[in-house]
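[1] test case, fold it:
(one chain, ligands or ions: 2)
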Amino acid sequence: MVLIVVTGRGGAGKTTTTANLSTFLAMREYRVLAVDGDLYLPNLGFHFGFDTVKYTLHSLLKNPDIDPEWAIYRHPQTGVHVMPGSTQLQDVLGISPRRLVDILDRVKYKFGVIFVDSPTGIPFDTLPTFEVAGYQLIVVEIERSPIYSFETMVKNEIEKLKALGERYNLNIGVILNKVRESGDVVDKIIEAVEEDLEVPVLGWIPFDNSVPESINAGIPVLKYAPRSDASLAFQEAGEVLEGWIFG
Ligand SMILES: Nc1ncnc2c1ncn2[C@@H]1O[C@H](COP(=O)(O)OP(=O)(O)OP(=O)(O)O)[C@@H](O)[C@H]1O
Ligand SMILES: [Mg+2]
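    Ligands and ions are numbered 1, 2, ... in the order given. Prediction:
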């Protein structure tokens with residue numbers, strides 16, 4: 001089962017969501033692989049403390065002779081298997097994202113769930129993987145919209161990515177992240193998204209300083225600070241996600 005995590009805007013929390021929902025499912029005994037599909041600015045490795053590893057997704061994209069297993073690292077604290085990207089510019093140049101699908105095809109039978117973290121906006125790096133995916137998670141940071149046009153902005157952002165997912169017949173769900181002042185109106189936003197756009201909102205995650213702290217520690221917040229507000233929300237979202245995928 002392949003899930004692709006996307007956002008309309010940078011910094012909304014794709015990588016944080018990928019790391020924490022992977023952690024949730026791994027802690028529920030699923031075999032989970034989290035792949036850093038953000039080829040130009042990969043940072044999933046940082047969330048798991050795998051930012052200086054020898055073999056990366058980029059190594060595989062460059063050299064088809066390398067066994068994909070070499071670029072998969074098991075995170076000891078969470079049990080998530082991670083395929084990090086390389087942050088070196090020379091590794092990013094001259095690779096073809098098309099080969100990402102072949103790599104997924106080679107490893108997918110070994111994992112119950114594969115998350116593919118994506119670049120912002122139309123995710124050109126991971127578009128080929130939409131063909132082998134079943135689910136698309138759209139992460140939205142609602143606070144970034146001016147308050148007077150909140151609903152319109154959020155809907156616009158979701159609508160575009162929804163259209164993309166529908167082209168590939170993906171099941172589509174939404175996660176709202178970094179909720180601050182809009183905490184009071186979040187129910188109204190969820191209702192608007194679910195009724196007008198007809199996509200389920202799987203959960204909403206409050207803005208919480210434990211999140212950046214956990215990234216510095218290289219342990220997703222769900223494991224790093226399990227009682228934090230963000231963790232409780234990721235836990236709830238994880239339960240909804242699990243029910244959504246596995247029934
Ligand atoms: N719920 C949250 N509360 C507080 N800070 C958060 C939360 N979620 C994410 N952040 C912070 O926001 C920043 C961006 O998050 P993240 O890297 O997950 O977003 P992204 O969508 O993957 O960004 P990019 O477009 O750069 O790939 C990080 O520094 C992270 O610590
Ligand atoms: Mg990211």
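[2] can you show me the strands along the chain?
    Shown for the chain, the strands assigned by DSSP state E span residues 2-6, 32-36, 73-74, 81-83, 113-117, 135-141, 171-179, 201-206.
[3] pLDDT on the last one, on average?
    Averaging pLDDT along strand 201-206 yields 97.
[4] sorry, back to before: mean neighbour count added to the strands of the chain, as a markdown table?
    Using the backbone N, CA and C atoms, a C-beta is placed for each residue, glycine as well. Putting the strands of the chain into a markdown table (neighbours: other Cβ atoms under 10 Å) gives the following:
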| stretch | mean neighbour count |
| --- | --- |
| strand 2-6 | 26 |
| strand 32-36 | 29 |
| strand 73-74 | 16 |
| strand 81-83 | 26 |
| strand 113-117 | 27 |
| strand 135-141 | 25 |
| strand 171-179 | 23 |
| strand 201-206 | 22 |
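[5] ok, the nearest residue to L170 once chain neighbours are set aside to ligand 1 distance?
    Nearest residue to L170, sequence neighbours excluded (Cβ to Cβ, 6 or more residues apart in numbering): Q136, at 4.3 Å. Q136 sits 14 Å away from ligand 1, going by Cβ to the nearest ligand atom, to the nearest Å.
[6] ok, now Q90?
    For Q90 relative to ligand 1 (Cβ to the nearest ligand atom), the value is 21 Å.
[7] give me the pLDDT for that residue.
    Per the predicted model, pLDDT is 86 at Q90.
[8] that one: how many residues sit nearby?
    Neighbour count of Q90, defined by other Cβ atoms under 10 Å: 9.
[9] give the residue spans of the chain that score low on pLDDT.
    144-149, 183 (pLDDT under 70).
[10] flag every residue of it that's near ligand 2.
    Neighbours of ligand 2 within the chain, by Cβ under 5 Å from the ion: 14-15.
[11] so which residues of the chain form helices?
    Ranges of helices in the chain, per DSSP state H, are 14-27, 44-47, 57-62, 89-92, 99-107, 150-167, 186-192, 210-217, 221-224, 229-246.
[12] deepest of these, which one?
    helix 14-27 (a mean of 27; mean count of other Cβ atoms under 10 Å).
[13] just how off-centre is that helix within its chain?
    Distance of helix 14-27 from the chain centroid (Cα atoms, centre = their mean, to the nearest Å) equals 7 Å.
[14] and that helix, what does it pack onto?
    Judged by 3 or more Cβ pairs under 8 Å, 6 or more residues apart in numbering; DSSP states H and E, helix 14-27 is in contact with strand 2-6, strand 32-36, helix 44-47, strand 113-117, strand 135-141, strand 171-179, helix 221-224, helix 229-246.
[15] keeping just the C-alphas, turn the first one into CSV.
    Included here for strand 2-6 are C-alpha records, laid out as CSV according to Å, rounded to 0.1, in the frame of the first residue of the first chain:
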residue,chain,number,x,y,z
VAL,A,2,1.6,3.2,-1.1
LEU,A,3,0.6,6.6,0.3
ILE,A,4,1.9,9.9,-1.2
VAL,A,5,2.1,12.9,1.1
VAL,A,6,1.7,16.3,-0.6
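[16] who touches the residue lying closest to G8 once chain neighbours are set aside in this structure?
    Residue nearest to G8 in three dimensions, not counting chain neighbours: E157, with 3.7 Å by Cβ to Cβ, 6+ apart. Contact analysis of E157 by Cβ atoms under 8 Å, 6 or more residues apart in numbering lists 8-9, 138, 140.
[17] still on that earlier bit, ok, the residue nearest to L170 - contacts?
    Applying Cβ under 8 Å, 6+ apart, the residues near Q136 are 3-6, 130, 161, 164-165, 168, 170-173.
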